[in-house]
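Participant: coords below, sequence missing:
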């Protein structure tokens, strides 16, 4: 059975080593991104033109006012494979691409963190651990203007999310601008956003 103190000490040393690599601009733990090819030998990202066209399509449709679920359906209808190579697209996949800072040429390390070195459980980093943002790290696929506009739309639509109780007593709802009164009708009793469902 591993010594608990030793595990935490090793974990601390690993974190320090990773921080040094990140400060030098190295990519640590790259998991892939649609539109980019990664060379593990040189630890560099290069644009994959075929994938880049899909990414640009997603951003252009989104900033023109089309919702993520509609974009996902369009990609399926066009027969475009998702980042995993499958035929099915989900709105969460589309939203994840829109949120990804890599497409504007930046690289953010520390989006998740390890809760403890024993369980190796990882959670989204909401300030519990350091984050490292490397600006202009690689070639961008979308312009800063388009990316910023997409983030503004995401933030605005995020304010409309309520309903659908999840764990930790959070309220969220799936949102698209497909209907004229999306996010405009609220429950007079609890204040949650009313949504249309089929």
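Facilitator: That came through, no problem. Treat the numbers as computed from the prediction; the structure is a model and nothing was measured.
Participant: List the residues that contact residue 140.
Facilitator: Residues in contact with residue 140 (C-beta atoms under 8 Å, 6 or more residues apart in numbering) are 103, 104, 105. All C-beta spots, glycine's among them, are computed from the backbone N, C-alpha and C.
Participant: Please, which helix or strand holds it?
Facilitator: Residue 140 belongs to no helix or strand when assigned by DSSP states H and E.
Participant: how near is it to residue 67?
Facilitator: From residue 140 over to residue 67 the distance is 24 Å, taken as C-beta to C-beta, to the nearest Å.
Participant: do residue 107 as well
Facilitator: From residue 107 to residue 67 the distance is 28 Å (C-beta to C-beta).
Participant: Report the contact partners of the nearest residue to residue 136 once chain neighbours are set aside.
Facilitator: Nearest non-adjacent residue to residue 136, counting by C-beta to C-beta, 6 or more residues apart in numbering: residue 105, 5.3 Å away. Counting by C-beta under 8 Å, 6+ apart, residue 105 touches 135, 136, 137, 138, 139, 140.
Participant: Any chance of CSV for the residues you listed, columns distance to residue 84 and pLDDT?
Facilitator: Putting the contacts of residue 105 into CSV (distance: C-beta to C-beta, whole Å; pLDDT from 0 to 100) gives the following:
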residue, distance to residue 84, pLDDT
135, 29, 88
136, 28, 87
137, 24, 84
138, 22, 88
139, 23, 93
140, 23, 95
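Participant: and of these, the nearest to residue 32?
Facilitator: Taking C-beta to C-beta as the measure, residue 32 lies nearest residue 138 of those, at 13.7 Å.
Participant: Tally up the residues packed near the closest one, please.
Facilitator: As a burial measure, residue 138 scores 18 neighbours (other C-beta atoms under 10 Å).
Participant: do the same with residue 43
Facilitator: When counting by other C-beta under 10 Å, one arrives at 13 neighbours for residue 43.
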